[in-house]
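Trainee: Curious how this folds, go ahead:
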Amino acid sequence: MVGPVRPQFVLFGSSIVQFSFSNDGWGATLADIYARKADIFLRGYAGWNSRRALQILDQVFPKDAAVQPSLVIVYIGGNDSVNPHPSGLGPHVPLPEYAENIRKIAIHIKSNRHLFAYQSLSEKTWVIFLSTPPMNEAQMREILGDKFGEMGRTNASGQKYSEACLEMCRGLDVKVIDLWTALQKRDDWLTACFTDGIHLSSEGSKIVVKEILKVLEEADWEPNLHWTALPAEFSGNSPYDFVGPDGKTIVNVSDLNFHWGNQWE
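Mentor: Numbering: from 1, shown residues only. Take a look at the predicted model:
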């Protein structure tokens, strides 16, 4: 364990999580914003559905871990929404089962233990779900069609799984971000937000980051996990800090992160 112990943020889910450190992704941006404030842990598994996520939930989030995460951000659902294959194989999960899997994941992580008969990770662990985003079907077929065959993944099915995630999370009083709507607020979302029709470009990731920071700013959580509320590690003044132009003023480099981060306010 590397110390001192900072708040831990875990990004958990499928490829939109695994690839979130690529192409100026939303995971990498969060790690940059929270430098010296929180540690970002990536637990993303490309191609996975909610069934596989449940299978390893106890391994990724063990109940008996000495240190529990402060925040878990979950995305799962796009692969579940793929149409069923005649062979019975593939990532498709029926909509009712998917919604129940979201419930099970939320209950495992959720901090408000008094609401459930289940033991959650910690009273200080908060969770945010991301709903299934839209996609550029033509771009997906052009770039990924030969690789995955006829995926049977459409915006029509994706929207149903997005709505199921939103409904379940709201019923559980769990924070959830409607990515289906958020991305489509941008006029050129079809051409700007994806690398291959499914996975997010840097522009798509910027929308995700802004939505996450908005939730963190508005949430009535203790402690407050917005980046402006967390102290920078080892931020005290030192005689080894840079000296300003007047030859007397100390320039604390930890403040640079604050000024850079203002663009996300």
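Trainee: Regarding Val10, what is its secondary structure?
Mentor: Per DSSP: H, G, I helix; E, B strand; the rest coil, the local secondary structure of Val10 is strand.
Trainee: all helices in the stretch 51-200 of the chain, in order from the N-terminus.
Mentor: Taking DSSP state H, counting those that start in this stretch to define them, one finds helices in the stretch 51-200 of the chain at 57-60, 95-109, 137-148, 155-171, 179-184, 189-192.
Trainee: Nearest to Val82, out of the ones you listed?
Mentor: Smallest distance to Val82 across the helices of the stretch 51-200 of the chain (C-beta to C-beta): 7.4 Å, for helix 155-171. For the C-beta atoms, the positions are set from N, CA and C on the backbone; glycine is no exception.
Trainee: Need the residues that contact that closest one.
Mentor: Outside of helix 155-171, the residues within contact range by C-beta atoms under 8 Å, 6 or more residues apart in numbering are 77-78, 80-83, 95, 98-99, 102-103, 106, 129, 131-135, 137, 175-176, 178-180.
Trainee: That one to helix 95-109, inter-axis angle?
Mentor: Compare the direction of helix 155-171 with that of helix 95-109 by axes from the mean of the first three to the mean of the last three C-alpha atoms, to 10 degrees and you get 40 degrees.
Trainee: model confidence over helix 155-171, on average?
Mentor: The pLDDT scores in helix 155-171 average 97.
Trainee: How far off centre is it?
Mentor: Centroid separation between helix 155-171 and its chain, computed with C-alpha atoms, centre = their mean, to the nearest Å, is 16 Å.
Trainee: Dump the C-alpha coordinates for that helix into CSV.
Mentor: Once non-C-alpha atoms are left out, helix 155-171 reads as follows in CSV (Å, rounded to 0.1, in the frame of the first residue of the first chain):
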residue,chain,number,x,y,z
ASN,A,155,-29.9,2.8,-30.3
ALA,A,156,-33.4,1.5,-29.9
SER,A,157,-32.3,-1.3,-27.6
GLY,A,158,-29.7,0.9,-25.9
GLN,A,159,-32.3,3.5,-24.9
LYS,A,160,-34.4,0.8,-23.2
TYR,A,161,-31.4,-0.3,-21.1
SER,A,162,-30.5,3.3,-20.3
GLU,A,163,-34.1,3.9,-19.1
ALA,A,164,-34.0,0.7,-17.0
CYS,A,165,-30.8,1.8,-15.3
LEU,A,166,-32.2,5.3,-14.6
GLU,A,167,-35.5,3.9,-13.2
MET,A,168,-33.7,1.3,-10.9
CYS,A,169,-31.2,3.8,-9.6
ARG,A,170,-33.7,6.5,-8.9
GLY,A,171,-35.9,3.9,-7.1
